[in-house]
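**Student:** heads up, no residue letters with this:
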């Protein structure tokens, strides 16, 4: 295609937006409205996922070593655990360190345990984290069978329930987003179809004087793209500003800060903006091309 | 220029519009296609510019086998034909000039050539002075002249007209007919379906009569031959 022709198509596409002012307005509104709802769900889903992840990441395996395990054996054990596929990190906590942590966790009552340092009853321990939190039970089972292990603890039972819950939340979120995406597509395709029906005579004449199908399609392509992108810009701005104020409101209240751990404004807004722009452009183009196809068979 | 060999057309609803039509139209001829309503005139015309495909048979037009061409070759065929309709088919939002220029833009003509060529053709149909008007500001005859200018602007070898005077009063019909005559004398082949008895009988051109999907008559210097 010649550059000149491309220029003509872009000009025509823009002109058509104006020429069919109300129809364009209706299409853009449809895009705006559906993408706004989609955006809200996207932000919600991303935050739920973030929350689920932060909960999952707190899952760890505490391995307590048998008394009188030698230093060499300890080191050998650590190496063996590190060598496991699914293990991300292994941290050694000596019995002294363990006691310190324990006392810290007791807060004001820590003095009750003063003096335990001499006959420290705590075992040496390792804290093992897996690459995927979901692998925790598997790794725990592998470690359990190893030598020098007295016992281990990863919150058996509770952890499995937690993962089941976070998975459900994620799947529901994805399902919702896919559903909304399809609704948006059909809504937009329908509105664009109306604008094209109003111009079937124009298409008919273009075909009669020998325009190629792509020559006819291009302006609609441009028009759909513009509608989709314009329709996406409005919800992006609304969601960005809205999220900023939401974070602001949460930050100003201590209870809320404890309760909700939300994703920071960036890069969340960038990601959502990118997603909405891509979806907007895609459904705009797709909607107009699908609708124009019916009228090309003259 | 145009040839049809044993052309049949049956529509999906079962109507047989054409049943074995054979015809040969030479370059530079002026042909009227007459016949009762529903006899197959429109189908005959539509097959030429490939709005319809024959169910059987071959159609050749200006070097193309229209009955065999692929979808993406249709634009090439249409560029060698100018089509004029009873209802003009002008775009109401475009000016007279733009309506005619549209046909050139659409086939990606050089923009520098568009303006002089459009004004040329508008001069031929005597509408230069109304170039900036919108179609609904013109009379029916003037609108049909714009449509004719649009059909001519890309210098096609053939002009196909489906009842071009069907919506016009007798006097205006004559003006339009004189324009077709002029175009034909410049070498363009003209095929026109019409119900206008007076014009056919006065002009004395070749007349092809289609009845019940078949060629009933084909006469040089023929007459309309039907009571209205």
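**Tutor:** Structure's in. What do you need? Everything numeric here is computed off the predicted structure, so don't read it as measured data.
**Student:** and the pLDDT for residue A:297?
**Tutor:** With respect to pLDDT, residue A:297 scores 68.
**Student:** so where does residue 202 fall, helix or strand?
**Tutor:** Using chain A. helix A:200-208 (DSSP states H and E).
**Student:** my bad, the chain I had in mind was chain B
**Tutor:** Residue B:202 belongs to helix B:197-203, assigned by DSSP H and E.
**Student:** list the contacts of that helix.
**Tutor:** B:30, B:32, B:34, B:165, B:170, B:173-174, B:177, B:181, B:194, B:207, B:222-224, B:226, B:228 (C-beta atoms under 8 Å, 6 or more residues apart in numbering or on different chains). In this view, the C-beta of every residue, glycine as well, is placed from N, C-alpha and C.
**Student:** of those, select the buried ones using a PyMOL command.
**Tutor:** To isolate the buried members of the contacts of helix B:197-203 in PyMOL, using 16 or more other C-beta atoms under 10 Å in any protein chain shown:
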select buried, chain B and resi 30+32+34+165+173+174+177+194+207+222+223+224
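**Student:** give me the subset of the contacts of helix B:197-203 lying in helices.
**Tutor:** B:170, B:173-174, B:177, B:181 (DSSP state H).
**Student:** in CSV: the residues you listed, plus pLDDT and distance to chain A.
**Tutor:** Output for these, formatted as CSV (pLDDT from 0 to 100; distance: C-beta to the nearest C-beta, whole Å):
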residue, pLDDT, distance to chain A
B:170, 91, 28
B:173, 93, 23
B:174, 93, 26
B:177, 93, 22
B:181, 94, 23
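**Student:** mind putting those residues in CSV, distance to residue A:207 included?
**Tutor:** Converted to CSV, the ones in helices among the contacts of helix B:197-203 look like this (distance: C-beta to C-beta, whole Å):
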residue, distance to residue A:207
B:170, 33
B:173, 28
B:174, 31
B:177, 27
B:181, 28
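**Student:** which of those sit farthest apart?
**Tutor:** B:170 and B:181 (16.2 Å; C-beta to C-beta).
**Student:** so who does the residue nearest to residue B:136 when sequence neighbours are not counted touch?
**Tutor:** Leaving aside its sequence neighbours, residue B:136 sits nearest to residue B:92 (C-beta to C-beta, 6 or more residues apart in numbering or on different chains; 6.2 Å). Contact partners of residue B:92, counting by C-beta under 8 Å, 6+ apart, are B:134-136.
**Student:** just these now: which is nearest chain A?
**Tutor:** residue B:135 (11.9 Å; C-beta to the nearest C-beta).
**Student:** I'd say that closest one and residue B:88 touch.
**Tutor:** Yes - with contact defined as C-beta atoms under 8 Å, residue B:135 counts as touching residue B:88 (7.4 Å).
**Student:** who touches both of those two?
**Tutor:** By C-beta under 8 Å, 6+ apart, the residues touching both residue B:135 and residue B:88 are B:143, B:146.
**Student:** what about the host helix or strand of residue A:236 and chain B, any contact?
**Tutor:** In this assignment (DSSP H and E), residue A:236 forms part of helix A:213-251. Yes - Helix A:213-251 lies within reach of chain B by C-beta under 8 Å from any C-beta of the partner chain, at A:213, A:215.
**Student:** tell me which other helices or strands that helix touches.
**Tutor:** helix A:3-19, helix A:21-57, helix A:158-197, helix A:200-208, helix A:254-259, helix A:265-293 (3 or more C-beta pairs under 8 Å, 6 or more residues apart in numbering or on different chains; DSSP states H and E).
**Student:** in a markdown table: those, plus distance to residue A:137, mean neighbour count and mean pLDDT.
**Tutor:** Formatted as a markdown table, those follow (distance: least, C-beta to C-beta, whole Å; neighbours: other C-beta atoms under 10 Å in any protein chain shown; pLDDT from 0 to 100):
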| stretch | distance to residue A:137 | mean neighbour count | mean pLDDT |
| --- | --- | --- | --- |
| helix A:3-19 | 57 | 15 | 81 |
| helix A:21-57 | 13 | 18 | 83 |
| helix A:158-197 | 7 | 16 | 78 |
| helix A:200-208 | 62 | 19 | 85 |
| helix A:254-259 | 29 | 10 | 70 |
| helix A:265-293 | 31 | 19 | 86 |
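**Student:** where in chain B is pLDDT low?
**Tutor:** B:228 (pLDDT under 70).
**Student:** and the helices in it?
**Tutor:** Using DSSP H, helices in chain B cover B:41-48, B:74-78, B:96-105, B:111-124, B:140-152, B:170-185, B:197-203.
**Student:** make TSV from these and add distance to residue A:280 to it.
**Tutor:** Output for the helices of chain B, formatted as TSV (distance: least, C-beta to C-beta, whole Å):
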stretch	distance to residue A:280
helix B:41-48	41
helix B:74-78	32
helix B:96-105	30
helix B:111-124	33
helix B:140-152	37
helix B:170-185	49
helix B:197-203	56
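**Student:** closest one to residue B:63 among the ones you listed?
**Tutor:** helix B:74-78 (9.5 Å).
**Student:** that closest one: which residues count as buried?
**Tutor:** Buried-residue list, helix B:74-78, by 16+ other C-beta under 10 Å: B:74-75, B:77-78.
**Student:** can you tell me the centre-most residue of chain A?
**Tutor:** Closest residue to the average C-alpha location of chain A: residue A:46 at 4.0 Å, with C-alpha atoms, centre = their mean.
**Student:** these two touch, right, that one and residue A:263?
**Tutor:** Yes - because the distance of 6.2 Å satisfies C-beta under 8 Å, residue A:46 is recorded as touching residue A:263.
**Student:** so what sits against both of these two?
**Tutor:** Counting by C-beta under 8 Å, 6+ apart, nothing touches both residue A:46 and residue A:263.
**Student:** near chain B, which residues of the stretch 1-150 of chain A are found?
**Tutor:** Checking the stretch 1-150 of chain A against chain B by C-beta under 8 Å from any C-beta, the hits are A:2, A:4-5, A:8, A:19.
**Student:** turn the residues you listed into CSV, columns for distance to residue B:217.
**Tutor:** Listed next are the residues of the stretch 1-150 of chain A next to chain B as CSV, based on distance: C-beta to C-beta, whole Å:
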residue, distance to residue B:217
A:2, 49
A:4, 50
A:5, 47
A:8, 48
A:19, 48
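**Student:** and which of those residues is nearest chain B?
**Tutor:** residue A:5 (5.6 Å).
**Student:** pipe the helices and strands packed on helix A:213-251 into CSV and attach distance to residue A:247 per row.
**Tutor:** Putting the helices and strands packed on helix A:213-251 into CSV (distance: least, C-beta to C-beta, whole Å) gives the following:
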stretch, distance to residue A:247
helix A:3-19, 36
helix A:21-57, 11
helix A:158-197, 20
helix A:200-208, 49
helix A:254-259, 10
helix A:265-293, 6
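**Student:** gap between residue A:79 and residue A:129?
**Tutor:** 16 Å (C-beta to C-beta, to the nearest Å).
**Student:** higher neighbour count, those two?
**Tutor:** residue A:129 (17 against 10; other C-beta atoms under 10 Å in any protein chain shown).
**Student:** buried stuff in the helix or strand where the more buried one lies?
**Tutor:** In this structure, residue A:129 sits in strand A:125-130 according to DSSP H and E. Buried residues in strand A:125-130, defined by neighbour count with 16+ other C-beta under 10 Å: A:125-126, A:128-130.
**Student:** repeat for stretch B:58-71
**Tutor:** By 16+ other C-beta under 10 Å, the buried positions in stretch B:58-71 come out as B:59-61, B:64, B:66-67, B:69.
**Student:** next: stretch B:126-138.
**Tutor:** So for stretch B:126-138, counting by 16+ other C-beta under 10 Å, buried means B:127, B:130-131, B:134-135, B:138.
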